[in-house]
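> model this:
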Amino acid sequence: MDFAVDDNGLWVIYGLANSNNTVVVKMDAKDLEIQYAWNISVSHRKAGEMFIVCGVLYVVQSNTETTTNIRFALDLFTNKRVEVDIPFTNPFRRTTMIGYNHKNKELYTWDKGNQLTYPIRYHDQGLANQTNKEEQGTADSAYYNQTGFEVD
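Reported below is the predicted structural model:
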């Protein structure tokens with residue numbers, strides 16, 4: 001289970017025990033109430049690491065290969081896949097955590113006991129402040145979403 005914080009608030013990422021799927025939960029930071037949840041067909045057993053930046057879930061292919069890629073991204077506000085092919089390095093070949101620091105606009109990682117930072121560049125798509133269910137295009141009674149994305 002990974003906790004993530006970005007410009008939109010608190011997120012939890014975890015793998016389902018009896019499934020290959022990954023669940024992402026958006027939580028209220030004050031009372032930890034679940035605001036929305038996604039059941040995503042991304043194998044948490046095959047992915048290296050996952051992190052969230054500006055409401056987009058990114059999946060790193062490997063956490064043990066020196067050179068790898070981020071080839072899957074899902075915009076959690078629009079439920080649309082984002083086409084990405086971003087090179088990523090694990091210089092010590094054992095990345096165990098990736099987190100986004102929204103104040104410094106950097107990724108922080110732990111790679112075989114070494115803390116590393118990666119400055120990032122992105123372009124704002126205007127979704128950073130859409131945090132309530134109506135703005136996300138969801139129904140009040142249906143806060144759980146299963147996507148149709150399959151990622152090996």
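> Show me the strands in the chain, by range?
2-6, 9-15, 22-27, 34-40, 49-53, 56-60, 67-75, 80-82, 86-89, 95-101, 106-111, 114-119, 144-146 (DSSP state E).
> now the angle between strand 34-40 and the third one, please.
This means strand 22-27. Put simply, strand 22-27 runs at 170 degrees to strand 34-40, going by axes from the mean of the first three to the mean of the last three C-alpha atoms, to 10 degrees.
> ok and strand 22-27 relative to strand 56-60, angle-wise?
Counting by the same axes, to 10 degrees, strand 22-27 points 150 degrees away from the direction of strand 56-60.
> Show me what strand 22-27 is packed against.
strand 9-15, strand 34-40 (3 or more C-beta pairs under 8 Å, 6 or more residues apart in numbering; DSSP states H and E). C-beta here means a position set from N, CA and C on the backbone, and glycine is covered the same way.
> From Trp38, how far off is Tyr100?
Here Tyr100 is placed at a distance of 18 Å from Trp38 (C-beta to C-beta, to the nearest Å).
> now Gly99
Gly99 sits 19 Å away from Trp38, going by C-beta to C-beta.
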